[in-house]
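> return a 3D structure for these sequence lines:
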Amino acid sequence: MNSLADAYLDHILIYLKSNERGSPPLRMFLDNWFAYSHQGPFLSPNGNPVWFNNPDPSKLKVREALLSMHYVSKGAIDVINGDSDDKLVKEHSVPISILKDILYSKMPKNKSTLNNLLLTYYRLGVLTKTEDNLLKTNGLNSKMPKNWNSTMNVFARYEQCGIIKVGRVIND
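Residues are numbered from 1 along each chain as shown. Have a look, this model is predicted:
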């Protein structure tokens with residue numbers, strides 16, 4: 001594992017042990033862990049994490065990253081291929097607030113266990129703004145479906161809203 005990804009696992013463990021429940025530092029630690037552990041298009045030429053806020057799929061490296069996310073919707077593929085002018089949204093399939101609850105409930109004792117939990121629950125989706133609005137309309141922008149638990153599909157929000165997955169390129 002990349003030494004910076006490993007360092008972010010340390011940060012996450014320290015955060016969990018502190019029992020500090022604020023999300024902003026955790027979100028940054030998780031996003032940086034992902035970028036450093038997957039590298040490639042998730043890092044800038046200077047080696048810094050790329051955030052993909054309002055991503056422009058006409059840029060080759062951005063396109064590569066978008067196509068490498070865990071859940072790429074059919075609508076997002078249309079945008080990436082230039083067949084739609086909708087905006088794209090990078091989003092966590094398990095919202096950070098839910099992921100935080102999962103991590104606290106499982107309270108990993110070491111980096112290996114934490115890494116395995118993150119490989120299971122930290123998943124990125126690329127959706128259109130229209131599809132993202134479907135999540136909001138259905139009350140699922142920061143929640144999982146009613147009766148969902150951590151043994152179930154991490155993409156349940158998308159499926160409940162009828163957001164169709166096209167492909168998955170990334171290998172964990």
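
> switch to C-alpha atoms for all contacts and neighbour counts from now on
Fine.

> in the sheet, who's paired with the residue most central in space within the chain?
Closest residue to the average C-alpha location of the chain: Leu124 at 2.8 Å, with Cα atoms, centre = their mean. On the basis of DSSP bridges, Leu124 is bridged to His92.

> so who does it touch?
Counting by Cα atoms under 8 Å, 6 or more residues apart in numbering, Leu124 touches 69-71, 90-93.

> same question, Asp10
Neighbouring residues of Asp10 by Cα under 8 Å, 6+ apart: Lys111.

> for the helix or strand containing it, the distance to its chain's centre please.
Assigned by DSSP states H and E, Asp10 belongs to helix 3-18. Centroid displacement of helix 3-18 relative to its chain, using Cα atoms, centre = their mean, to the nearest Å, is 17 Å.

> also stretch 136-145?
Relative to its parent chain, stretch 136-145 has a centroid offset of 16 Å by Cα atoms, centre = their mean.

> ok, stretch 151-171 next?
12 Å.

> for stretch 114-122, same thing?
Put simply, stretch 114-122 sits 11 Å off its chain's centre (Cα atoms, centre = their mean).

> in that stretch, what's buried?
114-115, 117-118, 121-122 (16 or more other Cα atoms under 10 Å).

> likewise stretch 78-88?
Of the residues in stretch 78-88, 79-80, 86-88 count as buried by neighbour count, 16+ other Cα under 10 Å.

> got it, and stretch 97-108?
Of all the residues in stretch 97-108, those buried under the rule 16+ other Cα under 10 Å are 97-100, 102-103, 108.

> and Val72, what element?
Per DSSP H and E: Val72 is located in strand 71-73.

> and for Val126?
strand 124-128.

> ok, which stretches of this protein are strands?
Ranges of strands within the chain are 71-73, 88-92, 124-128, 165-167, based on DSSP state E.

> so for Pro25, which of the ones you listed sits nearest?
Across the strands of the chain, Pro25 has its closest neighbour in strand 88-92 (15.5 Å, Cα to Cα).

> how close does the residue nearest to Thr128 when sequence neighbours are not counted sit to Asn138?
Closest residue to Thr128 apart from its sequence neighbours, by Cα to Cα, 6 or more residues apart in numbering: Leu88 at 4.4 Å. From Leu88 across to Asn138, the span is 19 Å (Cα to Cα, to the nearest Å).

> show me the contacts for Leu26.
Counted by Cα under 8 Å, 6+ apart, Leu26 has contacts 12, 15, 100.
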